[in-house]
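Chemist: Need the 3D shape of this:
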Amino acid sequence: MPAKPRKKPPPQTTSDYLSTLEHTIRQLAYGHHTFTVFRHFVELSAIALSNVTDPINKETREKQYLSIVTQYKPEQFQQFPPLFGMLALCLEHEPTDVLGRLYHRLEIQNDQAGQFFTPYPVCQAMAKMLVHDAKHLVEEQEFIRAQEPCVGSGAMVIALAQALREEGINYQQCLHVTAIDLDIVAVHMAYVQCTLLHIPAMILHGDTLRGETYSVWRTFAHVMGFWDTKLARDPRPLPAPAKKPPPAHAEQPAEALRAPTGSQLTLF
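Modeler: A predicted model of the protein is given here:
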């Protein structure tokens with residue numbers, strides 16, 4: 001009797017998960033550009049998650065989802081769900097900026113536009129400096145609010161959540177993040193990772209400098225934690241709404257929240 005072929009063991013480390021994710025995306029890229037496959041992967045993942053808790057934008061986002069599906073053969077599209085499962089397992093194994101690292105491994109960053117995601121170890125160092133008085137803030141207030149004017153793949157937000165966790169603070173109950181980015185791909189990346197890590201957050205697609213918001217992506221933790229209600233009764237002022245309306249192609253309704261200008265995440 002011929003011996004049964006050995007199955008490849010499942011990934012055991014973050015590096016193994018990243019290698020598998022990279023290999024699968026590069027395989028799918030034979031018929032598409034690598035950036036296109038990655039963009040579609042994070043967008044499909046973001047829409048699938050968003051449609052569970054956002055009935056207002058569900059119809060518009062579902063149409064976008066189906067328009068992406070038609071660009072792939074059935075056997076190609078069937079590889080996207082396992083990719084999402086692999087991402088979830090990787091984040092469960094080690095909470096880190098998986099998509100940001102994958103983005104650079106695929107070499108699809110826009111160098112000409114100066115697009116470089118902050119390395120996660122740097123984000124960890126910055127986050128630890130930010131949370132030195134976090135327990136004092138939590139004792140004074142019901143929760144901590146953080147704003148990120150250029151969220152990228154969400155590395156700084158993830159690092160902040162983990163730094164709070166190391167300080168013995170439950171970030172799922174005591175932290176809310178409002179983050180914004182002009183690049184919709186970055187918005188999808190940050191939204192997917194923050195959702196899978198159950199970080200209460202609103203990820204905004206918009207322009208920080210102009211004070212414009214085009215769409216809002218609420219994580220599961222935001223919805224399940226009734227954060228709209230908590231923020232409404234919070235005495236600290238919310239960011240002012242933008243005066244200019246969003247472009248005609250933006251989803252409705254898109255609450256226009258202005259994130260503060262700056263180069264790093266702000267706690268208050």
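
Chemist: drop to CA atoms for contacts and neighbour counts, all remaining ones
Modeler: Fine.

Chemist: and residue 47, which of the three is it?
Modeler: Secondary structure for residue 47, judged by DSSP: H, G, I helix; E, B strand; the rest coil, is helix.

Chemist: correct me, but it touches residue 66?
Modeler: No - here residue 47 does not reach residue 66: they are 10.4 Å apart, not a contact under C-alpha atoms under 8 Å.

Chemist: who has more neighbours, those two?
Modeler: Neighbours were counted for residue 47 and for residue 66 using other C-alpha atoms under 10 Å; residue 47 has more, 23 against 11.

Chemist: give the contact list for the more buried one.
Modeler: When contacts are counted by C-alpha atoms under 8 Å, 6 or more residues apart in numbering, residue 47 is found next to 61-62, 65.

Chemist: ok, 7 Å please
Modeler: Contacts for residue 47 were tallied using C-alpha atoms under 7 Å, 6 or more residues apart in numbering; they are 61, 65.

Chemist: Next: residue 22.
Modeler: Listed by C-alpha under 7 Å, 6+ apart, the contact partners of residue 22 are 102, 106.

Chemist: how many neighbours does the closest residue in space to residue 54 that isn't next to it in sequence have?
Modeler: Nearest residue to residue 54, sequence neighbours excluded (C-alpha to C-alpha, 6 or more residues apart in numbering): residue 218, at 7.9 Å. Burial of residue 218 is recorded as 22 neighbouring residues (other C-alpha under 10 Å).

Chemist: Bridged to residue 218, which residues?
Modeler: Listed beta-bridge partners, residue 218: residue 202 (assigned using DSSP bridges).

Chemist: Assess the claim that it and residue 204 are in contact.
Modeler: No - using C-alpha atoms under 7 Å, residue 218 and residue 204 do not qualify as a contacting pair, with a distance of 8.7 Å.

Chemist: give me the low-pLDDT residue ranges for this protein?
Modeler: Applying pLDDT under 70 to the predicted model, the residue ranges of the chain that meet it are 1-11, 110-115, 237-265, 267-268.

Chemist: residue ranges of the helices in it, please?
Modeler: Taking DSSP state H, the helices of the chain run over residues 14-28, 34-53, 55-69, 74-77, 80-93, 98-105, 120-130, 134-140, 155-166, 171-174, 184-196, 220-224, 227-232.

Chemist: Of all those helices, which one comes closest to residue 266?
Modeler: In this view, these are compared for proximity to residue 266 by C-alpha to C-alpha, and helix 120-130 is the closest at 8.3 Å.

Chemist: same for that closest one, what does it pack against?
Modeler: helix 155-166 (3 or more C-alpha pairs under 7 Å, 6 or more residues apart in numbering; DSSP states H and E).

Chemist: can you list contacts of the helix it packs on?
Modeler: Contacts of helix 155-166 (C-alpha under 7 Å, 6+ apart): 96-97, 120, 123-124, 127-128, 131, 171.

Chemist: now do stretch 29-45
Modeler: Surrounding stretch 29-45, the residues in contact under the criterion C-alpha under 7 Å, 6+ apart are 25-26, 28, 65, 68, 80, 84, 108, 185, 188-189, 192.

Chemist: how close does the most centrally placed residue in the chain get to residue 94?
Modeler: By C-alpha atoms, centre = their mean, the chain has its centre lying nearest to residue 190, at 1.5 Å. Relative to residue 94, residue 190 is positioned 16 Å away (criterion: C-alpha to C-alpha, to the nearest Å).

Chemist: Please apply the same query to residue 27.
Modeler: If you measure residue 27 against residue 94 using C-alpha to C-alpha, the figure is 25 Å.

Chemist: so residue 212 makes contact with residue 205?
Modeler: No - using C-alpha under 7 Å as the test, residue 212 is too far from residue 205 to be in contact (8.6 Å).

Chemist: re earlier: out of the contacts of helix 155-166, which is most surrounded?
Modeler: When those are compared by neighbour count (other C-alpha under 10 Å), residue 97 ends up highest, at 26 neighbours.
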